[in-house]
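S.K.: Quick one: sequence plus predicted model below, questions after.
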Amino acid sequence: MTWANRITIFRIFCVPAFITLMLYYAQSVKLGVTEEGFRIAAITVFAIAAISDAIDGYLARFCNQKTELGAILDPAADKLLLLGGLIVLNFVALPDFPQFPIWFTVLVISRDVIAIIFALLIRYQSKPLEIRPHWSGKTATLFQFTSIVMFLLKMEWFLAACILGGFFSIFSGIIYLKIGIQKLQE
């Protein structure tokens, strides 16, 4: 097993750790004894997982550690971390801070669902499916991760990262949709 795959698997294990820490934080807030240590630990786990995405990608591309397993696990780890973060933040309130925007969560999940549906349609038609990341998708992911970290750090301008993440989610969704339609018409 390559180091890139090991890091990706580590990232997958970070998801339940992050969710658990945020749920304990939410419980402490609800009980009126806010334990900021849970929030700080959750931020740390999420940030390490997000940064490790760049590290495993670097190892895979530039150290010749690309594998079929990694091609499946890496995007799955990204989606698990992102969706876990988005969903939890829509249910966990931070004291004296605005609620995480539901529209952003719905937008990101909708884009991913549409992409999965097109991938399944292409596979159903027995057409070759090679998923190549587009720069707009990587940019969307960067702003999506950034918006979550900024929200957890209670940075008031986290909404700007959400707006940028939303814009690039729509933009990359259109790009992937065009590619999917072209594949279906081949």
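M.R.: Nice, thanks for sending it over.
S.K.: for the helix or strand bottoming out on mean pLDDT in the chain, packing partners?
M.R.: Least confident helix or strand, the chain: helix 102-124 with a mean of 88, by mean pLDDT, DSSP states H and E. Helices and strands touching helix 102-124, by 3 or more Cβ pairs under 8 Å, 6 or more residues apart in numbering; DSSP states H and E, are helix 68-89, helix 158-185. The way it works is simple: take the backbone N, C-alpha and C, and place the C-beta from them, glycine included.
S.K.: repeat that for 6 Å
M.R.: Under the contact criterion of 3 or more Cβ pairs under 6 Å, 6 or more residues apart in numbering; DSSP states H and E, helix 102-124 touches helix 158-185.
S.K.: returning to what we had before: okay, angle between the least confident helix or strand of the chain and helix 158-185 too, please.
M.R.: On the basis of axes from the mean of the first three to the mean of the last three Cα atoms, to 10 degrees, helix 102-124 is oriented at 20 degrees to helix 158-185.
S.K.: If we go by neighbour counts, what in the following helix or strand past helix 102-124 is buried?
M.R.: Sequence-wise, the next helix or strand downstream of helix 102-124 (DSSP states H and E) is helix 135-152. Using 16 or more other Cβ atoms under 10 Å as the test for burial, helix 135-152 gives 136-137, 139-152.
S.K.: can you check stretch 164-172 too?
M.R.: Neighbour-count burial for stretch 164-172 flags 164-166, 168-169, 172 (criterion: 16+ other Cβ under 10 Å).
S.K.: And the residues you listed, which is closest to residue 27?
M.R.: Nearest to residue 27 out of these is residue 165 (Cβ to Cβ; 28.0 Å).
S.K.: Touching, the closest one and residue 148? I think so.
M.R.: No. Residue 165 lies out of contact with residue 148 (Cβ atoms under 6 Å); the separation is 9.2 Å.
S.K.: neighbours around residue 73, how many?
M.R.: 20 (other Cβ atoms under 10 Å).
S.K.: for the spatially closest residue to it that is not a sequence neighbour, helix, strand, or coil?
M.R.: Leaving aside its sequence neighbours, residue 73 sits nearest to residue 8 (Cβ to Cβ, 6 or more residues apart in numbering; 4.6 Å). Following DSSP: H, G, I helix; E, B strand; the rest coil, we place residue 8 in the helix state.
S.K.: which ones are touching residue 8?
M.R.: Contact analysis of residue 8 by Cβ atoms under 6 Å, 6 or more residues apart in numbering lists 56, 73-74, 77.
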